[in-house]
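# What shape does this take:
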Amino acid sequence: MNQYVIAIDQGTTSSRAIVFDHAGTVASTGQMEHAQIFPHPGWVEHDALEIWRNVREVIAVALAGGNLTRHDIAAVGITNQRETTVVWDRHTGEPVYNAIVWQDTRTQDIVRSLAADGGTERYRQRTGLPLAPYFSGTKVKWILDNVAGARERAEAGDLLFGNTDSWVTWNLTGGTDGGVHITDVTNASRTMFMDLATLAWDEEILADFGVPASMLPAIKSSSEVYGKVASSQLLREVPVAGILGDQQAATFGQAAFGAGEAKNTYGTGCFLIFNTGEEIVRSKNGLLTTVGYKLGDADPVYALEGSIAVAGSLIQWLRDNIGMISTAAEVETLAAGVVDNGGVYIVPAFSGLFAPYWRAEARGAIVGLTRFANKHHIARAALEATAFQVREVLDAVNADAAVPLTELKVDGGMVANDALMQFQADLLGVPVIRPTVTETTALGAAYAAGLAVGFWKDLGELEANWSEDKRWEPAMAPAERERQMRLWKKAVTRTFDWVDQDVR
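Numbers count the residues shown, from 1 in each chain. Modelled structure (predicted):
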């Protein structure tokens, strides 16, 4: 009885349910992909109803795979793709529009309008974020401004907003029949509406955006009992007790609890989080200031974050859009066919450039092509693009933080790629370390939920679960490292100012 915790990981490309035991090891899993919808260039959407259907399905698959019932589960934790925005009717449970995904760039005109008074740094002191299409706030405003009748319904109190954590929690706890409308501090910190110091919605910013406060979820800690799963669900009566945005969850799952510790997740995008403890550090070098986690009534822990929009999705693009590979794993084999990138660099600014540049008008480019270049060089350049972007983010962390990073814990799907991890260590000049359990995003959500119900007693018990699987030491000469970075930075500048009045 109650030997496990289940985590729902609602990600950008799929939804997963993963069951963990007390040692933090995986007992069973379920996973389903959902459709990626691209109505126009720069627009990225998901069907929120499909996501909810898939969440229910993967819970069933995970329980069946472990021969488990609800009686074996102590708590439910939720982690999610942050900034992806859902607006739905509180009475019917129907979304008024597709979920607008964090990668979407359609709101650049809204950003430009809001930045006319105070620039893109207008709200950074309060929220830790620059004005950018990335965050939930401009997406909510777009829906209210562009979906027929949405603003009137919102002002009448009929519509609810949330990132996908709120959407899943509301449905899981009953939906139109008593579902709880909440979010945690980590997700709230990604909306552009929450004051970092007070952990409350900022009424002045909401007024500037024209978003009624009645739409917003209640802000909770990352680890407390929010409610119980509804009686209509397989996990009925199990406490829903932990919520963390995916990158914060991965940091928590890596047991990076102390100031100065960091992790980098290599997924659809790539996200480096550096723990700054209880201090709010406001970046001067293009990083975001965010909430790392908050456990119950304890003080919040803050972090600096370097957000990279495109990492694993560049490999997906080679597979699905270009047809150069049939499986993601093939890219490592192709890349191994050459000793270097042949002078080819890929800057995957599909959604503009995120940290440290924040250039929404940038677009992707492949530079340095000659007749010598072939598919092997393209594959290698695609892998190396992620490592180059991480190096730029780490440079910004070192510039902002009091203590430079001395090692990097890594997780996510791409860490299985040995060549990429070695190149990453070479570029950073510090060791790169992979844990034994790489499902750190789901594990972090499970940890938060388990702490709330006493399944784990404290952070020390979680730290004891962490173990090292593999370590890559830097081997590249410093002069070569800096030559590579110089060429990369030259390539990045070629993507600037692409979108103008003639190019959308």
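
# Just the endpoints, please. Distance across stretch 2-17?
17 Å (Cα to Cα, to the nearest Å).

# which of the residues in it are buried?
4-13, 15-17 (16 or more other Cβ atoms under 10 Å). Glycine gets a C-beta too; all of them are placed from N, C-alpha and C.

# Same check on stretch 38-53?
42, 44-46, 48-52.

# just to revisit the earlier point, just the buried residues of stretch 2-17 now: which is nearest residue 371?
residue 13 (35.5 Å; Cβ to Cβ).

# Check the protein for its longest helix and report it.
helix 375-400 (DSSP state H).

# That helix: how far from the chain's middle?
Here helix 375-400 is found 18 Å from its chain centre; the criterion is Cα atoms, centre = their mean, to the nearest Å.

# Could I get the average pLDDT for that helix?
Helix 375-400 shows a mean pLDDT of 93.

# Then stretch 204-214?
For stretch 204-214, the mean per-residue pLDDT is 97.

# what's it in contact with?
114, 123, 126-127, 137-138, 140-141, 144-145, 151, 154-155, 157, 161, 192-193, 201, 203, 216 (Cβ atoms under 8 Å, 6 or more residues apart in numbering).

# Now, the residues you listed that are in helices?
Reading helices off the contacts of stretch 204-214 with DSSP H, I get 114, 126-127, 137-138, 140-141, 144-145, 151, 154-155, 203.

# And the residue of the chain most remote from its centre, how close does it get to residue 350?
For the chain, the largest distance from the centre (Cα atoms, centre = their mean) belongs to residue 371, which lies 37.9 Å off. Using Cβ to Cβ, to the nearest Å, one obtains 27 Å as the distance from residue 371 to residue 350.

# Are any of the ones in helices among the contacts of stretch 204-214 buried, and if so which?
114, 126-127, 137-138, 140-141, 144, 151, 154.

# biggest separation within these, which pair?
126 and 151 (24.6 Å).

# quick one: low-confidence parts of the stretch 401-504 of the chain?
Along the stretch 401-504 of the chain, the parts satisfying pLDDT under 70 run over 501-504.

# Same check on the chain?
Applying pLDDT under 70 to the chain picks out residues 1, 501-504.

# show me what contacts residue 34?
13-15, 46-47, 50-51, 54.

# Leaving aside the residues adjacent along the chain, what's closest to it?
Among residues not flanking residue 34 along the chain, residue 50 sits closest, at 5.0 Å (Cβ to Cβ, 6 or more residues apart in numbering).

# so the one you found sits right up against residue 35, yeah?
Yes: counting by Cβ atoms under 8 Å, residue 50 touches residue 35, with 6.5 Å between them.

# And the helices in the stretch 101-250 of the chain, which stretches?
108-115, 124-127, 136-146, 150-155, 164-172, 185-188, 203-209, 246-253 (DSSP state H, counting those that start in this stretch).

# Just name the most buried of the ones you listed.
helix 246-253 (a mean of 32; mean count of other Cβ atoms under 10 Å).

# helix or strand right after that one?
Per DSSP states H and E, the first helix or strand lying C-terminal to helix 246-253 is strand 262-266.

# And that following strand, what does it pack against?
helix 246-253, strand 270-277, helix 375-400, strand 408-411, helix 440-452 (3 or more Cβ pairs under 8 Å, 6 or more residues apart in numbering; DSSP states H and E).

# Now tabulate the helices of the stretch 101-250 of the chain in a markdown table and tack on distance to residue 383.
Shown next, in a markdown table, are those (distance: least, Cβ to Cβ, whole Å):
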| stretch | distance to residue 383 |
| --- | --- |
| helix 108-115 | 29 |
| helix 124-127 | 33 |
| helix 136-146 | 31 |
| helix 150-155 | 42 |
| helix 164-172 | 29 |
| helix 185-188 | 29 |
| helix 203-209 | 39 |
| helix 246-253 | 21 |
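
# Quick check: which of those is nearest to residue 406?
Once those are compared by Cβ to Cβ, helix 246-253 is nearest, at 16.8 Å.

# so how far is the closest one off the chain centroid?
That offset, for helix 246-253, works out to 9 Å (Cα atoms, centre = their mean).

# which element is residue 6 on?
Counting by DSSP H and E, residue 6 is part of strand 4-10.

# Which neighbouring elements make contact with that strand?
strand 14-20, helix 48-65, strand 73-80, helix 164-172, helix 440-452.

# Give me the sheet partners of that strand and which way each runs.
Here strand 4-10 has these sheet partners by DSSP bridges: strand 14-20 (antiparallel), strand 73-80 (parallel).

# And the strands in the stretch 401-504 of the chain?
For the stretch 401-504 of the chain, applying DSSP state E, counting those that start in this stretch gives strands covering 408-411, 432-435, 468-472.

# What is the second one packed up against?
With contacts defined as 3+ Cβ pairs under 8 Å, 6+ apart, strand 432-435 has these neighbours: strand 408-411, helix 418-428, strand 468-472.

# highest average neighbour count across these?
strand 408-411 (a mean of 25).

# That strand pairs with which strands, and in what direction?
strand 262-266 (parallel), strand 432-435 (parallel).

# Tell me who's in contact with residue 97.
Applying Cβ under 8 Å, 6+ apart to residue 97 gives the contacts 87, 143, 147, 150.

# give me that answer again for 7 Å
By Cβ atoms under 7 Å, 6 or more residues apart in numbering, residue 97 lies in contact with 87, 143, 147.

# any idea how far the residue nearest to residue 196 when sequence neighbours are not counted is from residue 441?
Spatial nearest neighbour of residue 196, excluding adjacent residues (Cβ to Cβ, 6+ apart): residue 128 at 5.1 Å. Shown here: residue 128 relative to residue 441, a distance of 21 Å by Cβ to Cβ.

# cool, residue 132 as well?
Distance of residue 132 to residue 441, computed by Cβ to Cβ: 23 Å.
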